[in-house]
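1. I'd like to go over a predicted model; first the sequence, then the structure.
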Amino acid sequence: MTSLDQLLARVEESRQEIIALEQRLVRIPTINTGVMPTGNETALCHDLQDFLASEGIASDVLESAPRRGNLLATLAGTERTPSLLLLSHTDVVPIEDESKWRFPPFSATIHEGRIYGRGSADCKALLTCQAMAMVLLRRAGVPLRGDLTLCAVADEETGGAYGAGWLAAHHPERVGATYAINEGGGSPLHLPDGRLLYLIPVGEKGRLEVTLTLKGRSAHAAAPWRGDNVTFKMAEALRRLQAYEPARDVSAEVFRHLPELFALAEEVTAENVDEVIAQLKETVGDEIDMLRGVSRLTLTPTIVRAGVKSNNVPETATIICDARTLPHQDVAYLRGEVERIMDGLDAQIAIQQTALSNASPYDTPFAAAIRRAMARVIGRDDLLWGPGLTTGFTDSRFLRPLGTVVYNFAPGNPAKGLPLSMAHGTDESVDIEGLVIGTKAMVALIWELLVTPSD
């Protein structure tokens with residue numbers, strides 16, 4: 001049977017195919033505005049379906065709504081379990097000003113070792129790596145013990161209602177697996193001694209939208225004393241939001257591992273976590289600042305509105321806030337915090353939940369398989385590991401209630417000092433070497449879970 005080293009060598013030999021597939025996917029516009037009709041993911045699914053069919057891999061495209069397609073392709077294992085789901089999404093965020101782009105945003109132009117285009121990094125790079133890994137295993141005729149499923153979904157960028165959420169609700173038997181791997185992590189921290197620290201995000205924060213409505217009394221702006229100008233109440237509400245200090249929380253598993261990983265003299269507590277983060281920033285760099293998001297609720301004003309005409313005293317103001325909660329902080333907890341902040345301002349509070357926060361355990365055979373796979377791919381046995389938490393939301397949250405252990409881990413090029421991918425921004429791009437390494441990582445992970453006999 002083909003060995004893992006031979007498979008990794010074949011990934012290297014397939015570099016041009018990997019590039020071509022990434023370009024092929026990026027060149028299909030799948031812009032998701034969040035307002036139907038939008039997305040056009042079915043077009044990409046059918047194109048990917050044709051690509052997989054040319055390699056002898058059958059797939060299904062399930063539409064949650066017209067043009068909102070989700071692709072599923074499975075290579076059956078002899079024992080069916082453990083099973084692994086390769087999850088990614090096909091939709092991309094809109095482009096605000098195309099004239100600011102160095103290259104047309106759907107041209108997939110190659111420049112200085114990178115492929116430029118909307119979605120090149122988020123999330124068509126991961127889809128490319130996962131699809132190519134499946135194809136290369138199929139070509140090599142590697143027998144699998146458990147089922148391997150590729151799942152490319154719609155609508156992640158606006159919450160997943162037409163994608164992973166819809167599949168989990170209507171086709172749980174197709175997406176439920178022992179393990180699943182998805183976007184949201186995989187970049188190492190570079191330690192001063194030259195070692196690499198990988199944090200495997202085992203869960204994610206919740207995302208909620210808080211709408212505050214404040215009331216005053218309108219009047220002619222030439223006689224403002226006759227009214228009650230609500231903008232002053234809005235200013236006070238914003239001042240309070242800026243001054244808000246959420247309770248520090250170190251319940252995330254990563255904090256239990258920090259003393260060992262960084263040789264800290266004491267355990268991390270709610271009282272010293274800010275000091276620890278500041279200390280680590282001096283030695284590790286700004287990347288460690290993500291621990292701020294893992295250790296507290298964030299409540300960020302993002303949209304403010306007041307007034308209807310310049311010569312009218314405004315009577316209604318609205319403040320919309322983005323809230324990111326830890327796994328154990330529910331809507332009631334958030335409402336209590338907002339009510340405390342707004343005490344005395346008579347603000348109407350409405351809260352809408354966009355993404356549920358949840359997490360998988362870290363001490364699992366899945367995490368061990370990722371560690372072994374990356375050691376083979378990177379060629380280093382001194383990698384450091386720990387659990388992490390994704391501060392944004394992903395589709396992983398839909399699969400955990402199905403009993404699936406899901407990690408957000410999509411590794412790329414671990415080299416230090418690479419240009420930013422600018423995901424969601426102007427000139428989004430992906431490193432070609434990272435695509436090759438990412439494909440190797442998917443191949444090695446599949447090997448460790450579904451080919452190599454378990455201990």
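-> Received it, and whenever you're ready, just let me know what you need.
2. For Tyr162, pull up the helix or strand it's in.
-> According to DSSP states H and E, Tyr162 maps onto no helix or strand at all.
3. just checking, it touches Ala154?
-> Yes: the criterion here is CB atoms under 8 Å, and Tyr162 meets it with Ala154 at 5.0 Å. Just so you know, the C-beta spots here come from the backbone N, C-alpha and C atoms, and that holds for glycine as well.
4. Have a look at the two and say which one is more surrounded.
-> Neighbours were counted for Tyr162 and for Ala154 using other CB atoms under 10 Å; Ala154 has more, 34 against 26.
5. that older thread, common neighbours of Tyr162 and Ala154, please.
-> Taking CB atoms under 8 Å, 6 or more residues apart in numbering as the contact rule, the neighbours common to Tyr162 and Ala154 are 39, 64, 68.
6. Can I get the buried part of those as one PyMOL selection?
-> What follows is the PyMOL syntax selecting those of the shared contacts of Tyr162 and Ala154 that are buried according to 16 or more other CB atoms under 10 Å:
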select buried, resi 39+64+68
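7. Can you tell me which of the shared contacts of Tyr162 and Ala154 is nearest Asp97?
-> Set against Asp97, the nearest of the shared contacts of Tyr162 and Ala154 by CB to CB is Gly39 (21.4 Å).
8. Now do the strands in the stretch 101-250 of the chain.
-> Applying DSSP state E, counting those that start in this stretch to the stretch 101-250 of the chain gives strands spanning 109-111, 114-116, 146-153, 179-182, 189-190, 196-204, 206-215, 219-220.
9. Adding distance to Val230, mean neighbour count and mean pLDDT as columns, could you present those strands in JSON lines?
-> Shown next, in JSON lines, are these (distance: least, CB to CB, whole Å; neighbours: other CB atoms under 10 Å; pLDDT from 0 to 100):
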{"stretch": "strand 109-111", "distance to Val230": "49", "mean neighbour count": "15", "mean pLDDT": "98"}
{"stretch": "strand 114-116", "distance to Val230": "45", "mean neighbour count": "24", "mean pLDDT": "98"}
{"stretch": "strand 146-153", "distance to Val230": "42", "mean neighbour count": "25", "mean pLDDT": "98"}
{"stretch": "strand 179-182", "distance to Val230": "43", "mean neighbour count": "28", "mean pLDDT": "98"}
{"stretch": "strand 189-190", "distance to Val230": "46", "mean neighbour count": "18", "mean pLDDT": "92"}
{"stretch": "strand 196-204", "distance to Val230": "36", "mean neighbour count": "25", "mean pLDDT": "94"}
{"stretch": "strand 206-215", "distance to Val230": "5", "mean neighbour count": "20", "mean pLDDT": "96"}
{"stretch": "strand 219-220", "distance to Val230": "11", "mean neighbour count": "14", "mean pLDDT": "95"}
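10. so how many other residues sit close to the closest residue to Pro37 other than its chain neighbours?
-> Spatially, and ignoring its direct neighbours in sequence, Pro37 is nearest to Arg67 (6.5 Å; CB to CB, 6 or more residues apart in numbering). By the criterion of other CB under 10 Å, Arg67 has 18 neighbours.
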